[in-house]
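Student: the following comprises the amino acid sequence and a computationally predicted model.
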Amino acid sequence: MSIRIILADDHKIIRDGLRSLIENQMGMEVIAEAKDGRTAVALTRRHQPDIVIMDISMPGLNGIEATRQITSESLSFKVIALSMHTDRRFVQDMFKAGVSGYLLKDCAFEELNRAIISVMSGQTYLSPMIASVVIDDYVLQVPENKDKKFHLLSGREREVTQMIAEGNTTKQIALALHVSVKTIETHRRNIMGKLNLHSIAELTKYALKEGLTF
């Protein structure tokens, strides 16, 4: 039985390349593609894949929040991050969100193939190219900043924050999330209050700093 895979990346050329390489492997098939995090979550619910290969930098809903939603619904869904980011924060946040593997986009396909096989056997895969980041954190015992206001936001509030920072209007966000304009206005007030911010410009700057949008 084939390993069923969903590709989530906002660049079609990346998805096309990955699809071609994966489908040349025995026992693997790409069953769907997503150009943003929200679509990745919806396709995972619909198709019930074995693995989602997830980019981090995507519009609307980034890969961290999409992974959080996917893994919170079922531990049977395995997510492998395929990202250009080597920063400790992104690696840490993706593993906290529930990924089973983390690779860099400049890795050889053979490494992604190994990661897929490892994850399907119940193991965790970490690219050797970024393993030193994790090891250094462990050795140095870098403390997590528990006081970061970012952690005060709910998953939906982080999602709304990203969409506001990307320039979406209140109406556009409400339509995308299938809620009322009033609900989004309430979210925006709560976000501003929790973060002690007073303008969309400040919120956008904050979202960029925290990696909610790119």
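Tutor: Cool, the structure landed. Numbers count the residues shown, from 1 in each chain.
Student: show me where the protein has strands.
Tutor: 3-8, 28-34, 51-54, 78-83, 101-104, 125-126 (DSSP state E).
Student: which residues sit in contact with the residue positioned nearest the centre of the chain?
Tutor: Nearest to the mean C-alpha position of the chain, by C-alpha atoms, centre = their mean, lies residue 63 at 1.4 Å. Residue 63 makes contact with 8, 37, 40, 54-57, 81, 83, 94 under the criterion C-beta atoms under 8 Å, 6 or more residues apart in numbering. Just so you know, the C-beta spots here come from the backbone N, C-alpha and C atoms, and that holds for glycine as well.
Student: again, only this time at 7 Å
Tutor: Residue 63 makes contact with 8, 37, 54-56, 81, according to C-beta atoms under 7 Å, 6 or more residues apart in numbering.
Student: same check on residue 29?
Tutor: By C-beta under 7 Å, 6+ apart, residue 29 lies in contact with 2, 4-5, 23.
Student: show me what it is bridged to.
Tutor: Assessed by DSSP bridges, residue 29 has beta-bridge partners residue 4.
Student: going forward can the numbers begin at 559, since that is how I track them
Tutor: Sounds good: first residue 559 from here, last item residue 587.
Student: from residue 658, how far off is it?
Tutor: With the distance defined as C-beta to C-beta, to the nearest Å, residue 587 ends up 19 Å from residue 658.
Student: pick the most deeply packed of the strands of the chain.
Tutor: Across the strands of the chain, averaging neighbours per residue (mean count of other C-beta atoms under 10 Å) puts strand 609-612 on top, at a mean of 26.
Student: coming back round to it: can you lay out the strands of the chain as CSV showing mean pLDDT and distance to residue 752?
Tutor: Formatted as CSV, the strands of the chain follow (pLDDT from 0 to 100; distance: least, C-beta to C-beta, whole Å):
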stretch, mean pLDDT, distance to residue 752
strand 561-566, 97, 28
strand 586-592, 97, 29
strand 609-612, 98, 27
strand 636-641, 95, 27
strand 659-662, 94, 29
strand 683-684, 91, 33
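Student: what's the domain layout of this structure?
Tutor: Per automatic domain parsing, the structural domains of the chain span 561-698, 707-768.
Student: right, I'll leave it there.
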